[in-house]
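K.L.:
Sequence first, predicted model second:
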Amino acid sequence: MRRALPVVLLLATAACSRGGLKKADAEAAIRAKYPVVVPVKVPSRVSAAVGSPEAVKAQAFMDNLQKTGWFDIAKDDSKMGTTVFTFTPKPGAPVQASGKGWLVPAAQAVFVQGTHHTEQGSTAKVTYQIKLANPTAQFPLFTLLHPTARIGDTKPRHAVFEKQGGTWVLTGTDETFTKGE
């Protein structure tokens, strides 16, 4: 019996080291990627017909951006039937250049929990939830573009882990945003 005990311990240890991805380990690796900034794109220039839905949206952008003082805003009604809005960030404004406009932080997406995972060989796929949190003064711009979005809403995301040298490594997620934005 005493000789069998070391063999049983050795087999148990080997089985544990070959074990699958643990939920707590997956959540810890994913949690480290959060929170991320959820931005709103503010165009540098918007031209819209007076009274059109685009003009109403541009006016809402202007009204909201004026509250924060982050942008210099020009409104030009001189063209017949058209309004042109020009948005220029002020020095020190927390905005990031993006194409023909700027990304303005609207909220954060934070990790909530892992909900499901499957393993196939040396790959594991994990489904997890994030939620909108910590709105900024620009969150109304986000709701203007996404009318059904609310703080606290959860969304599913997916992550992929690969086993590398006996350790599970997070190799990617389908999260659109990163901490650096």
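P.N.:
Received it, and whenever you're ready, just let me know what you need. Treat the numbers as computed from the prediction; the structure is a model and nothing was measured.
K.L.:
tell me which residues in the longest helix that the chain contains are buried?
P.N.:
Scanning the chain for the helix with the most residues, using DSSP state H, yields helix 53-68. Neighbour-count burial for helix 53-68, counted by 16 or more other C-beta atoms under 10 Å, picks out Ala55, Lys57, Ala58, Phe61, Met62, Asn64, Leu65. For the C-beta atoms, the positions are set from N, CA and C on the backbone; glycine is no exception.
K.L.:
swap in stretch 79-86?
P.N.:
Thr83, Phe85, Thr86.
K.L.:
One more: stretch 83-102?
P.N.:
Across stretch 83-102, burial judged by 16+ other C-beta under 10 Å covers Thr83, Phe85, Thr86, Phe87, Pro89, Ala93, Val95, Gln96, Gly101, Trp102.
K.L.:
now, the most widely separated pair of the residues you listed?
P.N.:
Of all pairs drawn from the buried residues of stretch 83-102, the one with the longest distance (C-beta to C-beta) is Thr83 and Gln96, at 26.4 Å.
K.L.:
that older thread, want to throw the buried residues of helix 53-68 into JSON lines with pLDDT and distance to His146?
P.N.:
JSON lines is the format used below for those (pLDDT from 0 to 100; distance: C-beta to C-beta, whole Å):
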{"residue": "Ala55", "pLDDT": "84", "distance to His146": "20"}
{"residue": "Lys57", "pLDDT": "82", "distance to His146": "13"}
{"residue": "Ala58", "pLDDT": "83", "distance to His146": "17"}
{"residue": "Phe61", "pLDDT": "80", "distance to His146": "14"}
{"residue": "Met62", "pLDDT": "84", "distance to His146": "19"}
{"residue": "Asn64", "pLDDT": "84", "distance to His146": "14"}
{"residue": "Leu65", "pLDDT": "84", "distance to His146": "17"}
